[in-house]
Structures are given as structure tokens and as C-alpha cells.
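Chemist: Kindly return the folded structure for what I paste below:
(one chain, ligands or ions: 1)
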Amino acid sequence: MKTSLTTLARRGALGLAFTALAASMAAAQTPGKLKVGLMLPYTGTFASLGTAIENGFRQHVAELGGKIAGREVEYFKVDDESDPSKATDNVNKLIKRDQVDVLVGSVHSGVAMAMAKAAKESGTLLIVPNAGADAVTGAMCAPNIYRSSFSNWQPGYAMGEVMAKKGIKKVVTITWKYAAGDETVRGFKESFEKGGGTVVKELSLPFPNVEFQGLLTEIAAAKPDAVFTFFAGGGAVKFVKDYAAAGLKKTVPLYASGFLTDGTLEAQGADADGLFTALHYADSLDTKRDNSFRLNYAKTYKLQPDVYAVQGYDAAQILSIGLNATKGDATKSADFSAALAKATIDSPRGAFTLSKAHNPVQDFYLRQVGAKENKKVGIASAKLEDPARGCKL
Ligand code: BEZ
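Modeler: Below is the predicted model:
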């Protein structure tokens with residue numbers, strides 16, 4: 001039987017179409033690189049915090065062989081400058097221009113709020129590796145929003161319990177006037193006043209100002225039993241040095257959320273010695289898990305890790321647990337969150353779980369500074385869970 005030229009041409013075209021279809025089906029089954037958008041501060045008072053978070057994140061990805069759920073990780077970076085007024089434009093560069101699969105950021109609570117709003121509106125997966133803004137896992141909570149760090153309420157509440165138990169009665173608070181400062185102080189007041197203490201004065205200055213002199217004079221005049229504070233990064237270094245230089249360290253004991261002395265001890269020197277703080281990490285945990293994390297971090301980055309590095313590392317752990325359950329698909333938020341609801345995260349800080357609102361339920365250590373380390377001296381608050389006020393998950 002003869003086959004006409006037209007029939008042959010038709011068969012050839014059909015063959016090509018089949019090949020193209022098979023190739024496109026294979027491409028759909030093998031998603032490409034996993035695009036991770038790091039939105040962190042790389043300049044300004046929180047610059048070193050952003051770098052530590054990125055280092056920690058990359059450390060865990062390297063342990064996984066550079067892939068998460070079978071997808072090679074590709075990074076897209078934006079310096080958010082800890083500036084909330086630029087945050088919406090910055091996050092849209094990652095969502096719209098770079099079309100990332102997941103956002104990881106940021107350090108500053110005001111920046112993180114803008115990221116959470118954009119993540120909610122676009123449905124992009126967001127993992128917050130530091131910023132404590134209560135609303136992120138409170139009123140703004142969502143199936144696609146996670147936190148590997150803490151809520152601002154948590155360290156404040158933990159230290160309020162400790163100070164009330166010590167019998168301290170009259171406290172002055174001092175912090176930056178923005179969500180992190182306000183909410184840390186609110187958490188502190190909640191437990192401290194429940195325990196019988198009184199906050200006699202609440203002092204603040206705008207972020208990221210470091211002109212503390214006038215406020216230190218007010219503290220000296222108020223003669224409280226103690227001071228409670230939240231500062232972090234470069235501002236924390238200056239505050240601790242100014243507090244000592246004003247002669248207050250000898251007369252009014254200073255207590256703080258642990259960010260005051262984390263990643264800052266080299267620069268603070270002896271002025272930080274003896275300070276008590278509460279945080280979900282310490283330098284002297286001496287567990288097998290933490291020791292190996294610290295050794296690998298020090299070998300890779302020639303730096304000692306801090307709480308920010310741990311939070312970055314755990315952001316990558318959360319991402320990997322969730323994406324393993326969705327076969328690498330970052331849009332399947334129901335399966336992603338079901339996996340994390342059952343998970344225990346094997347963190348260098350100690351194992352923790354996530355609350356319904358996706359915030360860590362974790363121990364807060366009481367730490368004291370000595371020999372340039374935040375040494376664990378007790379548990380300030382065990383398995384502390386943020387109240388997630390306003391969350392409807
Ligand atoms: C915050 O803005 O939420 C924050 C910044 C630095 C350390 C801790 C919290």
C-alpha cells in the first residue's frame with residue numbers, strides 16, 4: 001500500500017507534537033530552582049543581624065546539599081535598610097519582579113508588617129526569621145505566614161516574671177518607640193504587674209536614634225529599683241556603654257530582653273558584664289545539637305553564631321519540612337501547614353513546636369553576661385506560647 005506524501009507529513013507533525021507535549025509534562029513534574037527572596041537589613045544599625053540570618057539560612061541549605069525538597073536553591077536579595085517606608089516597594093521587587101517562591105524576612109518589626117501584608121495579598125509563602133511584631137502571628141496570621149523567631153511579647157513577658165519573682169517593685173522602662181519596643185514593654189508589664197511590680201515611667205526615643213543622655217538623666221532622677229529595656233544591634237552597643245558611663249550600672253540594675261547583649265558583646269566589652277537578660281537562645285547551652293551547629297558556623301563564617309544565626313537556620317528548617325510535604329510546591333499552604341503542625345523543629349536553641357498561629361512555642365532562658373558570653377543561668381519561662389491575640393486560624 002502506498003502512503004501519500006501528505007499522510008507522511010501529517011504523521012511527522014503529530015510526532016513532533018507528542019514530543020513537545022511529553023517535554024512540557026516532564027517540565028511540569030520537575031519544578032525548576034526554588035527561588036528564595038531574602039529581604040534583610042544589610043546596612044544600618046541592624047546590618048550584622050541580617051548577615052547572621054542569611055549565614056544561618058545558608059548553613060542549613062548547605063547541610064541539605066544545596067537543595068530543598070529536590071529543588072536547587074537560588075537566592076534573590078534586597079537590602080531593606082530597616083526602613084518601613086521602603087518596605088512595600090522592596091517586597092514587591094521580590095514578589096513581582098523576581099517572582100520568588102518564598103520570602104524570608106525581616107529583622108525590623110515595621111518592615112515585617114509590610115511583608116506580611118504583601119504575603120497575605122499575594123499568597124506568597126513568608127517565613128519571618130527575626131522581627132517580633134505581635135500582629136504577624138496575631139491579627140495578621142495566615143496559612144502562608146510563619147515565624148522561626150519569637151513574638152515581641154515573649155521575651156518581655158519572660159523577663160517580667162523573673163523580675164517580679166526577685167521582688168523588684170519599681171521599674172523604669174526605656175526603648176525605641178516602634179512596634180518592637182512598645183510590644184516588648186507591654187509583654188513585660190503584663191507579667192511584672194501581675195507579679196506585684198509597678199512600671200513607674202516608660203521612656204522612649206525614635207528608632208534608630210541613640211541620643212540616650214537626657215533619658216539616662218531622667219532614670220537617675222526617678223531612682224527606680226531597676227530598669228528594663230529593649231534595644232538591639234548597634235543601638236544596644238551604645239546604650240550599654242552609655243548606661244555604664246553615666247554611672248547607672250552601679251546604682252540601678254539593668255535587665256533586658258536578650259537582644260541587648262546578643263551579637264554585641266565584643267563591642268560592649270566589660271560594660272555588659274553581669275547583665276541579666278531573657279531570650280530563646282544562649283551561648284552556653286552545651287547540647288550535642290548546639291555544639292555541632294556552633295562548630296560548623298564558626299568553621300564556615302569565621303564568626304561565633306548568635307540568636308539571629310539560629311533563627312535563620314531554623315527558617316530554612318521550617319521551609320524544608322513544609323516543602324518536603326508539598327513535594328516542593330510553595331503554593332500548597334494547607335499541606336505545608338499540616339506538616340508543620342505535626343513537626344518538632346530540631347533547633348540549636350532546643351527543640352520547639354509551632355503554635356496554631358505559626359509562632360515558636362519555646363523555652364526562654366535566663367542568661368547572665370560573663371567572659372563575653374550570654375551564659376544560661378536558668379529558665380525564665382518554659383514552653384512559653386504567645387497568646388496570638390486576634391489570630392483566627
Ligand atoms: C524587631 O524590630 O522586631 C526586632 C529587631 C531587632 C531585634 C529584635 C526584634
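Chemist: which ones are touching the residue in the stretch 1-150 of the chain that the ligand sits nearest to?
Modeler: Per Cβ to the nearest ligand atom, residue 109 is where the stretch 1-150 of the chain lies closest to the ligand, at 3.6 Å. Backbone N, C-alpha and C define where each C-beta goes, glycine included. Applying Cβ atoms under 8 Å, 6 or more residues apart in numbering, we find residue 109 in contact with 131-133, 152, 178-180, 183.
Chemist: Mind splitting this structure into its structural domains?
Modeler: 34-150+285-358, 153-279 (automatic domain parsing).
Chemist: okay, those in TSV with distance to residue 389 next?
Modeler: Shown next, in TSV, are the domains of the chain (distance: least, Cβ to Cβ, whole Å):
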stretch	distance to residue 389
domain 34-150+285-358	5
domain 153-279	9
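Chemist: Looking at these, which is nearest to residue 381?
Modeler: Closest to residue 381 of the domains of the chain is domain 153-279 (Cβ to Cβ; 3.9 Å).
Chemist: Ranking by neighbours, what's the top pick from the contacts of residue 109?
Modeler: The most crowded member of the contacts of residue 109, judged by other Cβ atoms under 10 Å, is residue 132 (30 neighbours).
Chemist: Now the closest residue to residue 111 other than its chain neighbours: phi and psi?
Modeler: Distances taken as Cβ to Cβ, 6 or more residues apart in numbering put residue 87 closest to residue 111, at 4.4 Å, once the chain neighbours are dropped. Note on residue 87: its backbone torsions stand at phi -70, psi -40 [degrees, to the nearest 10].
Chemist: Of the domains of the chain, which is nearest residue 382?
Modeler: That would be domain 153-279 among the domains of the chain, by Cβ to Cβ, at 9.5 Å.
Chemist: Could you pull up the mean pLDDT of the closest one?
Modeler: Averaging the model's pLDDT scores along domain 153-279 yields 98.
Chemist: Ok, stretch 384-393 next?
Modeler: The model assigns stretch 384-393 a mean pLDDT of 97.
Chemist: Quick one: classify the closest residue to residue 353 other than its chain neighbours as helix, strand or coil.
Modeler: Residue nearest to residue 353 in three dimensions, not counting chain neighbours: residue 361, with 5.2 Å by Cβ to Cβ, 6+ apart. When classified by DSSP: H, G, I helix; E, B strand; the rest coil, residue 361 comes out as strand.
Chemist: Kindly report the same for the one 3 residues further on.
Modeler: Remark: residue 364 carries the secondary structure label strand [criterion: three-state DSSP].
Chemist: Repeat that for residue 121.
Modeler: Under the three-state scheme (three-state DSSP), residue 121 adopts helix.
Chemist: so what's it up against?
Modeler: By Cβ under 8 Å, 6+ apart, the contact set of residue 121 is empty.
Chemist: Then residue 278?
Modeler: 155, 158-159, 162, 257-258, 364-367, 380-381.
Chemist: ok, now residue 56?
Modeler: Neighbour list for residue 56: 129, 297, 305, 308-316 [criterion: Cβ under 8 Å, 6+ apart].
Chemist: same thing with residue 277?
Modeler: Contacts for residue 277 were tallied using Cβ under 8 Å, 6+ apart; they are 159, 255-261, 366-369, 374.
Chemist: cool, and residue 256?
Modeler: Residues near residue 256 by Cβ under 8 Å, 6+ apart: 159, 228-231, 275-277.
Chemist: Give me every residue in this structure lying close to the ligand.
Modeler: 46, 107-109, 130-133, 152, 180, 232, 259 (Cβ under 6 Å from any ligand atom).
Chemist: Can you add distance to residue 32 and give those back as a markdown table?
Modeler: As requested, the residues of the chain next to the ligand are exported to a markdown table (distance: Cβ to Cβ, whole Å):
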| residue | distance to residue 32 |
| --- | --- |
| 46 | 32 |
| 107 | 29 |
| 108 | 31 |
| 109 | 33 |
| 130 | 29 |
| 131 | 29 |
| 132 | 34 |
| 133 | 32 |
| 152 | 37 |
| 180 | 37 |
| 232 | 37 |
| 259 | 38 |
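Chemist: what's the offset of the helix or strand harbouring residue 110 from the middle of its chain?
Modeler: Assigned by DSSP states H and E, residue 110 belongs to helix 109-122. In terms of Cα atoms, centre = their mean, to the nearest Å, the centre of helix 109-122 is found 14 Å from the chain centre.
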